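**Q** Make a model of this:
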Amino acid sequence: MTSVLFVCLGNICRSPTAEGVFGRLLEQEGLADRVRVDSAGTGAWHVGEAPDERARAAALERGVDLSALRARQVSADDYLRFDHILAMDEDNLANLTARCPPQHRSKLGLFLEFAPQADEREVPDPYFGGEDGFGHVLDLIEAASRGLLAHLQGRMPR
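**A** Down below sits the predicted model:
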């Protein structure tokens with residue numbers, strides 16, 4: 001089984017959205033039993049909280065229910081347990097890299113590396129913006145999710 005951890009700052013907007021969108025895509029493709037998906041934040045401010053209500057509403061409009069997810073902080077065990085640890089932006093990637101044991105650094109990357117057609121390298125944080133920001137985040141996450149799925153499928157045994 002392959003495992004993917006999506007990471008943002010507080011684990012209430014971008015990374016739970018990525019967990020939900022990618023999880024739904026895996027279900028649609030019949031691969032939910034072959035890829036484990038989770039999300040976490042580099043910070044601990046929102047541990048135990050549900051995703052931001054604007055993120056939940058935007059995702060639900062696209063058929064993705066985030067209501068069961070709860071925020072958690074990245075732990076030292078995550079570097080061992082996950083095959084891919086994908087940050088939403090450079091700041092969180094730097095934070096992950098600083099905490100990561102050297103032998104696991106190859107697992108780290110930016111999520112939007114899987115959406116080369118996107119004009120952006122980072123998934124912007126919509127927390128302090130308006131409603132439109134959450135839709136834009138979903139567009140980027142959906143594109144990167146399709147790219148990540150293709151990447152993983154290319155590595156899965158038949």
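
**Q** any idea which element the closest residue to residue 105 other than its chain neighbours lies in?
**A** In this structure, residue 105 finds its nearest non-sequential neighbour in residue 97, 6.4 Å apart by CB to CB, 6 or more residues apart in numbering. Glycine gets a C-beta too; all of them are placed from N, C-alpha and C. Using DSSP states H and E, residue 97 sits in helix 90-99.

**Q** what residues does that helix touch?
**A** If you take CB atoms under 8 Å, 6 or more residues apart in numbering as the criterion, helix 90-99 is touched by 7-9, 42, 74, 76, 79, 85, 87, 105, 108-110, 121-122.

**Q** go again using 10 Å as the cut-off
**A** 5, 7-9, 14-15, 40-43, 74-76, 78-79, 85-87, 89, 100, 104-105, 107-111, 121-123, 125 (CB atoms under 10 Å, 6 or more residues apart in numbering).

**Q** what's near enough to touch residue 37?
**A** For residue 37, counting by CB under 10 Å, 6+ apart, the contacting residues are 2-6, 18-26, 82, 84.

**Q** Not counting its neighbours along the chain, what's nearest residue 122?
**A** Leaving aside its sequence neighbours, residue 122 sits nearest to residue 89 (CB to CB, 6+ apart; 4.0 Å).

**Q** Tell me the pLDDT of the one you found.
**A** Each residue has a pLDDT score; the one for residue 89 is 98.

**Q** wouldn't it be in contact with residue 126 here?
**A** No. Shown here, residue 89 and residue 126 do not form a contact pair, counting by CB atoms under 10 Å, at 11.9 Å.

**Q** Pick out the residue nearest the middle of the protein.
**A** Nearest to the mean C-alpha position of the chain, counting by CA atoms, centre = their mean, stands residue 6 at 2.9 Å.

**Q** My reading is that that residue lies in a strand. Confirm?
**A** Yes. Using DSSP: H, G, I helix; E, B strand; the rest coil, the assignment for residue 6 is a strand.

**Q** Settle this for me: it is touching residue 87, isn't it.
**A** Yes. Assessed by CB under 10 Å, residue 6 is found in contact with residue 87 at 8.2 Å.

**Q** who are the neighbours of the helix ranked longest in the chain, in terms of helices and strands?
**A** For the chain, the helix with the greatest residue count under DSSP state H is helix 131-155. Counting contacts by 3 or more CB pairs under 10 Å, 6 or more residues apart in numbering; DSSP states H and E, helix 131-155 is packed against strand 2-8, helix 14-28, strand 35-41, helix 53-61, strand 84-87.
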